[in-house]
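1. Need coordinates for the following:
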Amino acid sequence: MEKRGAPPAAPPRGPVLHIVVVGFHHKKGCQVEFSYPPLMPGEGHDSHSLPEEWKYLPFLALPDGAHNYQEDTVFFHLPPRCGDRTTVYGVSCYRQIEAKALKVRQADITRETVQKSVCVLSQLPLYGLLQAKLQLITHAYFEEKDFSQISILKELYDHMNSSLGGTSLEGSQVYLGLSPRDLVLHFRHKVLILFKLILLEKKVLFYISPVNRLVGALMTVLSLFPGMIEHGLTDSSHYRPRKSISEDAGLQETAPWLDNSTSVSAGDTSNTDLGPGKRGGEMAGNHSEGQKANMPFSQSKKSYNGAQSSNGTVQHLEVPSRVSPESFESDWETLDPGVLEESSMKGEGEKAASEQVENCPSERPSSEGLPITVQPQANTGHMVLVPGLISGLEEDQYGMPLAIFTKGYLCLPYMALQQHHLLSDVTVRGFVAGATNILFRQQKHLSDAIVEIEDAHVQIHDPELRKILNPTTADLRFADYLVKHVTENRDDVFLDGTGWEGGDEWIRAQFSAYLHALLASVLQPDNEKTLSDFGTAFVAAWKNTHNYRVWNSNKHPALAEVHSSHPFQGQYSVSDVKLRLSHSVQNSERGKKIGNVMVSTSRNVVQTGKAVGQSVGGAFTSAKSAMSSWFSTFTQSSQSLGD
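-> Just a heads-up that it's a prediction; the model follows:
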């Protein structure tokens, strides 16, 4: 057997890097049991060793609390390995089976239930497509009832690389399983608040269980940003795994992730007896057959095969020439366009180069550091992309995708408990992350907003941030326009969601138009009135973000063709008052109290006798008091919006 110093394996023939099986060991906890090709060069496919950058892989692939569900699906992101340049996209399918049902039972299986995950590590963000293929193979792998039969996994690796080798990252297959229609039906007007939260690069935590509903909702929100999933996540997981601090036994016996100053790393737990004390204790309890996992947030009923581009040529995702920076604090400070322009005019590429080079050896950008001017392209049916000098992302003529998930702003569709320290890491400037463990939700000081998917509730902690995100009248019209088209005439939509108006692609087109209009508006002189439709405070806050500074450092003449105003601008009317009233009642605490009073009143009205008069009288008195106080606040906010 070769030593670890052996040269790295040959690059994969397609987008899939590895097929990995992660199992739960009664003494060692979550561990890699199989990998093809081996994760560590020179080691066998049954090696438990992991690259340092991927030390959290077992805990991501086999999620916390998985024993409560018969099966589940996880989307997760891994940081690039040393010398690589882009995020690794992981899809994991979890299942459990009773040990007595196995045809071949290994000696180390000592518990009543066997829990394993089969996962794919890919260079392409084809979450739904990978999931559809992986679920079938995982089912077949478990039906063998003999986990030593690994030939099916090797065949999966070959099949995926051959079938996905010509897959283009443009088209609906990228969004397979991600339904904005379901998102709007669930969150309604709050979808725009989620959109703006991410534009402001805030610390946003999504919360629900099981994981398939979590990652489905989170990734669907990101799919509303033009080009984000296809080309905007390549820099989204550049974090430093916590180093192994010691073998201190005391750290193993406490719950250090509750303390911001100390955390047990995955490296401390991956090769130690974690089972009884931590996850093992949790999963060594009642292992009777868990309840069936709920359906994903949005699960497509279509099947897809890998496809080539329309002209018949094979298109692969090209890795950006720029490498991602290490997450030093100086790397993710807000860019000053003036400094960028001055640097490029002087021909000094040192600052840009320092922001674009990791400690790992890699290629340098070929650009000379001059600002990119993206010329409008003819409508040939294909999107023309160019490498962004500052963002390092593949950008279209409008500068999309925005460089949101760069420079230490992370996208973690699922975050394992072992990654908890990232929430307070000084090298992480923000995140959009998903969690199923209640410990994440309880520590509100580590996030700016918590999105409770089950209740469609967006909890924003800072009153000032709530004020910034308070939707304008034009924003409410936009959100109401979406909701009405999604909720009305649902039976008329072709194949339930795949039609145009009110369908998934239509919703994404509306958000694309909204964002393009916002970008075009900020470029106009004397645009205070125009920007007020988007929210003056919001635009001011957005201009201080990293993604805006990067976008504004380049020129995008294609935006000259975009109408520079809010898509739903217009004079204030009575219908807007009704819309504002409805929104406030549904979303404010005071409005909810009024709603409860009205429900109570309606319930009492249907009663008979003396109790009716007494209850209704008391209810209306309570409603009058609450309504009077609430309308005073509402009138003030309406006047400010009207102005």
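2. Find the residue closest to Y207 in space, skipping its chain neighbours.
-> Leaving aside its sequence neighbours, Y207 sits nearest to R441 (CB to CB, 6 or more residues apart in numbering; 5.0 Å). Glycine gets a C-beta too; all of them are placed from N, C-alpha and C.
3. Per-residue confidence, T487, what does it come out as?
-> Per-residue pLDDT puts T487 at 89.
4. tell me the pLDDT at D64?
-> With respect to pLDDT, D64 scores 86.
5. One more: S343?
-> The predicted local confidence for S343 is 39.
6. For the remainder of this discussion, apply numbering that starts at 12.
-> Sure, I'll start numbering at 12, so the last one becomes S354.
7. you'd agree G188 is in a strand?
-> No - counting by DSSP: H, G, I helix; E, B strand; the rest coil, G188 is not part of a strand but coil.
8. can you count the residues close to it?
-> Counted with other CB atoms under 10 Å, the neighbours of G188 add up to 25.
9. ditto for Q184
-> For Q184, the count of nearby residues is 18 (other CB under 10 Å).
10. Quick check: it vs L534, distance?
-> Q184 sits 34 Å away from L534, taking CB to CB, to the nearest Å as the criterion.
11. Could you do F579 as well?
-> Going from F579 to L534 by CB to CB gives 20 Å.
12. Neighbour count: the two, which is higher?
-> Remark: of F579 and L534, F579 carries more neighbours, 18 against 14, as counted by other CB under 10 Å.
13. picking up where we left off before, before we move on, what SS does the residue nearest to Y218 have?
-> Three-state call for R452 (three-state DSSP): helix.
14. my read: it touches V462, true?
-> No - contact criterion CB atoms under 8 Å: R452 and V462 do not qualify, at 10.1 Å.
15. who touches both of these two?
-> Common contacts of R452 and V462 (CB atoms under 8 Å, 6 or more residues apart in numbering): L216, Y218.
16. So the two - more neighbours on which side?
-> When R452 and V462 are compared for neighbours, V462 comes out ahead with 27 against 16, by other CB under 10 Å.
17. That one reaches K213, doesn't it?
-> No - using CB under 8 Å, V462 is not in contact with K213; the gap is 11.0 Å.
18. Between those two, which contacts overlap?
-> Residues touching both V462 and K213 (CB under 8 Å, 6+ apart): there are none.
19. how close does the residue nearest to Y218 sit to P74?
-> Distance check for R452 against P74: by CB to CB, it reads 16 Å.
20. before we move on, what about L61?
-> From L61 over to P74 the distance is 17 Å, taken as CB to CB.
21. Check Q81 too.
-> 14 Å.
22. neighbour-wise, which of the two wins?
-> Set Q81 next to P74 and count neighbours by other CB under 10 Å: P74 wins out with 30 against 15.
23. The more buried one belongs to a helix?
-> No - judged by three-state DSSP, P74 forms no part of a helix; its state is coil.
24. Apart from its neighbours in sequence, what residue is nearest it?
-> Excluding its sequence neighbours, the residue lying closest to P74 (CB to CB, 6+ apart) is V222, at 4.9 Å.
25. Contacts only, for the one you found.
-> Counting by CB under 8 Å, 6+ apart, V222 makes contact with P74, A77, D83, T84, V85, Y425, G445, T447.
26. Pull the contacting residues for the fifth one.
-> Applying CB under 8 Å, 6+ apart, we find V85 in contact with 71-72, 74, 101-103, 105, 128, 130, 222-223, 226, 424-425.
27. Let's verify the closest residue to it other than its chain neighbours: helix, strand, or coil?
-> Excluding the flanking residues, the one nearest V85 by CB to CB, 6+ apart is S103, at 4.2 Å. Following three-state DSSP, S103 is assigned to strand.
28. Tell me the bridge partners for S103.
-> Beta-bridge pairing of S103 under DSSP bridges involves V85, C130.
29. State whether it and L73 are indeed in contact, as I suppose.
-> Yes - using CB under 8 Å, S103 is in contact with L73, at 7.4 Å.
30. who touches both of these two?
-> Shared contacts of S103 and L73, defined by CB under 8 Å, 6+ apart, comprise V33, S128.
31. in stretch 92-102, what counts as buried?
-> Buried positions in stretch 92-102, judged by neighbour count with 16 or more other CB atoms under 10 Å: R92, D95, R96, T97, T98, V99, Y100, G101, V102.
32. Please work out the average pLDDT along it.
-> The model assigns stretch 92-102 a mean pLDDT of 85.
33. do the same with stretch 543-556
-> 96.
34. Next: stretch 444-454.
-> Stretch 444-454 comes out with an average pLDDT of 94.
35. what's it in contact with?
-> Contacts of stretch 444-454 (CB under 8 Å, 6+ apart): 74-76, 215-222, 225-226, 229, 268-269, 421-426, 428, 431, 434, 457, 461, 463.
36. Among those residues, the buried ones, what's the ChimeraX command?
-> To isolate the buried members of those in ChimeraX, using 16+ other CB under 10 Å:
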select :74,75,76,215,216,217,218,219,220,221,222,225,226,229,268,421,422,423,424,425,426,428,431,434,457,461
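37. which residues touch V202?
-> The contact partners of V202, taken as CB under 8 Å, 6+ apart, are P191, L194, V195, V232, L235, A490, L493.
38. and the fourth one, what does it touch?
-> Residues touching V232, when contacts are defined by CB under 8 Å, 6+ apart, comprise L194, V202, L205, F206, I209, V443.
39. and which of those is nearest L570?
-> Nearest to L570 among these is F206, at 19.0 Å by CB to CB.
40. of all the buried residues of stretch 92-102, which two lie farthest apart?
-> Of all pairs in the buried residues of stretch 92-102, the most separated under CB to CB is R96 and V102 at 20.7 Å.
41. Surely K127 is within a strand?
-> Yes - assessed by three-state DSSP, K127 belongs to a strand.
42. And it, how far from D486?
-> In this view, K127 and D486 are 46 Å apart by CB to CB.
43. Please say which of those two ends up with more neighbours.
-> D486 (25 against 22).
44. what's the helix or strand for the more buried one?
-> Assigned by DSSP states H and E, D486 belongs to helix 484-498.
45. buried stuff in that helix?
-> By 16+ other CB under 10 Å, the buried positions in helix 484-498 come out as T484, A485, D486, L487, R488, F489, A490, D491, L493, V494, H496, V497.
46. and which of those residues is nearest G513?
-> H496 (4.1 Å).
47. And the strands in the stretch 362-511 of the chain?
-> For the stretch 362-511 of the chain, the strands defined by DSSP state E, counting those that start in this stretch occupy 397-398, 405-406, 420-423, 441-446, 460-463, 468-471.
48. Hmm, I typed the wrong one, I wanted the stretch 162-311 of the chain.
-> Under DSSP E, counting those that start in this stretch, the stretch 162-311 of the chain gives strands at 215-218.
49. Quick check: which ranges of it have low pLDDT?
-> Applying pLDDT under 70 to the stretch 162-311 of the chain flags the ranges 177-179, 181-182, 255-311.
50. Please tell me how far A414 sits from V185.
-> Distance, A414 to V185, by CB to CB: 19 Å.
51. Thank you kindly, that will do.
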